[in-house]
Structure formats: structure tokens, C-alpha cells
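Visitor: sequence first, predicted model second:
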Amino acid sequence: METRPAERVVRCPTCGGPSRFATGNPWRPFCCEACRDHDLGAWASESYRVEARPVEDDDDEASPLH
């Protein structure tokens, strides 16, 4: 007899509610389409940002185009 592992439930990153982390949940790790779309909208409106250091100009190096 083959046993299936217990279905994993995680916290939805958007609403904090329970979310099935399984192939049967097309929105995983989100609990529903609305939470997934809310998260996508936050990225699209640049509410979320990845921190990066500003690029510094270095006048001592020769530009390959000059």
C-alpha cells in the first residue's frame, strides 16, 4: 500500500492565511488568485524594491567608446 505524504500548509505571503503548498494549488505559495494578483501589483507599482548600491562614476578609467 502506497502512502502519500501529508499536504504541506504554509502562510500566504500576502494575507497571512493558510495556503496549500501543493501542485493542486495553482497560486502557490499564495492562498488564492486575489492574493497573487495583489503581490504582482505591488511589484509592478514598485512598492517592493530590491536594495542595490548606487553606481559610482569612475573618471580615472577610460571609456571603451572614446
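Guide: Yep, it's here.
Visitor: can you show me the CA trace of stretch 38-56 as CSV?
Guide: Provided in CSV are the C-alpha atoms of stretch 38-56 (Å, rounded to 0.1, in the frame of the first residue of the first chain):
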residue,chain,number,x,y,z
HIS,A,38,-2.1,41.9,-5.1
ASP,A,39,1.5,40.8,-4.8
LEU,A,40,2.1,41.1,-8.5
GLY,A,41,0.6,44.6,-8.5
ALA,A,42,2.9,45.7,-5.6
TRP,A,43,5.9,44.6,-7.7
ALA,A,44,4.6,46.3,-10.8
SER,A,45,4.0,49.6,-9.0
GLU,A,46,7.5,49.4,-7.4
SER,A,47,6.1,49.1,-3.9
TYR,A,48,8.7,46.3,-3.4
ARG,A,49,12.2,47.1,-4.3
VAL,A,50,15.5,45.1,-4.2
GLU,A,51,18.2,47.1,-2.5
ALA,A,52,21.2,48.0,-4.5
ARG,A,53,24.2,50.3,-4.1
PRO,A,54,24.3,53.3,-6.4
VAL,A,55,26.7,53.1,-9.3
GLU,A,56,29.6,55.4,-8.9
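Visitor: any buried residues in it, and which?
Guide: By neighbour count with 16 or more other CB atoms under 10 Å, stretch 38-56 contains the buried residues residue 39. C-beta coordinates here come from the backbone N, C-alpha and C atoms, glycine included.
Visitor: so for it, mean pLDDT?
Guide: Averaging pLDDT along stretch 38-56 yields 88.
Visitor: give me the contacts around it.
Guide: 13-14, 30 (CB atoms under 8 Å, 6 or more residues apart in numbering).
Visitor: most neighbours among the residues you listed, please name it.
Guide: residue 30 (22 neighbours; other CB atoms under 10 Å).
Visitor: residue 34 looks like it's in a strand, true?
Guide: No: when DSSP: H, G, I helix; E, B strand; the rest coil is applied, residue 34 is found to be helix, with no strand at that position.
Visitor: that'll do, ta.
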